[in-house]
Structure formats: structure tokens, C-alpha cells
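**Student:** Any chance you could fold what I've pasted below:
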Amino acid sequence: LALPYTRAAIDSASTPDYLPHTYDPLARRVATMDESQLKPARILVVDDELGIRDLLSEILNDEGHQVEVAENAAQARAARQKERPDLVLLDIWMPDTDGVTLLKEWSSSGALTMPVIMMSGHATIDTAVEATKIGASAFLEKPITLQKLLKAVEQGLARGTAARPGRPSGLVQMSDVVRA
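**Tutor:** Numbering: from 1, shown residues only. Okay, here's the model as predicted:
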């Protein structure tokens, strides 16, 4: 299943990408993480589409995270300054400033202190590679499957701000590009 679906549709689906309604997201999170990862993460979701913001927020809240939302780059800048998120989900196409430009801004000013997962339904592989070179930890192609969202968030939080062992900064592998 892919976003944007309602949470009820995701809960009642019958394909391997779903989480059944009897599923306890916090129990899964606790079972797969060590003690240092049990603290709820502060996640900033930046997307100009209200439905996507709301659905991502609901899913991540269900996973036990604290979620802040922003609909444009101006709100994202303010939320990033105020909340100091542990991870950012950042849309590429936004009305005021595109996500890649905002990512460059954070990187050049030293404000890229958290993993950023880029999202887009219109971007190319070149855009994904560019974003990863700038400092994005992953790239999700819309529509985003629930399974890939949760995997990317978990990996981003685990990665934190630590450098990836054995890979110089700026080196991109295709495994960094997550396709829906």
C-alpha cells in the first residue's frame, strides 16, 4: 500500500505492506531497538500537502514519536530552530523554497545536525543523488509505502548524525535511494 491512504485503509489492508489493526507499533519498536533508541524521537514533517502531513504525522505518532509539521520552508526553518528535531522528512516540491534548496541552506550554515529524508513524487534519480550528496540520509519516492517509511525513519534515527562507517562523506550508493 502506498500513501496517501487513510490510516483505516492501511490497518484493514490485506497485503504484506500493511500493519494489521491488532499490531502494536510501540511494542514492535521496543522489540527491535536497544535501550538508547527507546526515547521517542522528535520528527519534523515538511510537506505542502495537508493530507500527506496529517497521515505521516498520525503514523509516526502511532510509532511513539513526537511529530511537528510544517507546510513550507519558512515554517520548517522556524520549527527546526525551535524544536531541534531528531529527524526531518522533507518534501522537495514546495511553494516558497524547494526542499533541496532548504537542505543546502541547512548544510552550508551548519544546521544540518539531524538526518533528513527527502520525499518527492516528481523528482528524478539525479535529484535523489544530489540531495544525498548534500547530506540527505535517504530519499523516498511518493507514493510512499508504509513499510519503506518506517524502515527509512528507523534507519535515519539509528544513523543519527554519525558518519557512515567505511564511506567518505558525499559518496552516494543506490541503496540510499528508496523507491516506493
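**Student:** Residue 59 and residue 145 touch, don't they?
**Tutor:** No - between residue 59 and residue 145 there is no contact under CB atoms under 8 Å: 11.3 Å. Glycine gets a C-beta too; all of them are placed from N, C-alpha and C.
**Student:** wait, is residue 69 part of a strand?
**Tutor:** Yes - under DSSP: H, G, I helix; E, B strand; the rest coil, residue 69 sits within a strand.
**Student:** Please identify the buried residues of stretch 94-107?
**Tutor:** Neighbour counts over stretch 94-107 (16 or more other CB atoms under 10 Å) mark 94, 98, 99, 100, 102, 103, 104, 106 as buried.
**Student:** now swap in stretch 135-155 and tell me
**Tutor:** Residues of stretch 135-155 classed as buried by neighbour count (16+ other CB under 10 Å): 135-142, 144-146, 148-150, 152-154.
**Student:** can you tell me which helix or strand residue 128 belongs to?
**Tutor:** Per DSSP states H and E, residue 128 falls inside helix 125-134.
**Student:** my guess is residue 149 meets residue 59, correct?
**Tutor:** Yes - using CB under 8 Å, residue 149 is in contact with residue 59, at 6.8 Å.
**Student:** and the end-to-end length of stretch 106-125?
**Tutor:** End-to-end distance of stretch 106-125 (CA to CA, to the nearest Å): 22 Å.
**Student:** What lies in contact with that stretch?
**Tutor:** For stretch 106-125, the surrounding residues in contact (CB atoms under 8 Å, 6 or more residues apart in numbering) are 47, 80, 84-93, 99-100, 103, 105, 127-128, 131, 134-144, 152-153, 156-157, 159-161, 177.
**Student:** Okay, and which of those residues map to strands?
**Tutor:** Per DSSP state E, strands hold the following members of the contacts of stretch 106-125: 87, 88, 89, 90, 91, 138, 139, 140, 141, 177.
**Student:** okay if I get these as CSV plus distance to residue 70 and pLDDT?
**Tutor:** As requested, these are exported to CSV (distance: CB to CB, whole Å; pLDDT from 0 to 100):
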residue, distance to residue 70, pLDDT
87, 14, 98
88, 9, 98
89, 10, 98
90, 9, 98
91, 10, 97
138, 19, 96
139, 19, 95
140, 17, 96
141, 21, 93
177, 24, 54
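**Student:** Looking at those residues, which is nearest residue 55?
**Tutor:** Taking CB to CB as the measure, residue 55 sits nearest to residue 89 out of the ones in strands among the contacts of stretch 106-125, at 11.4 Å.
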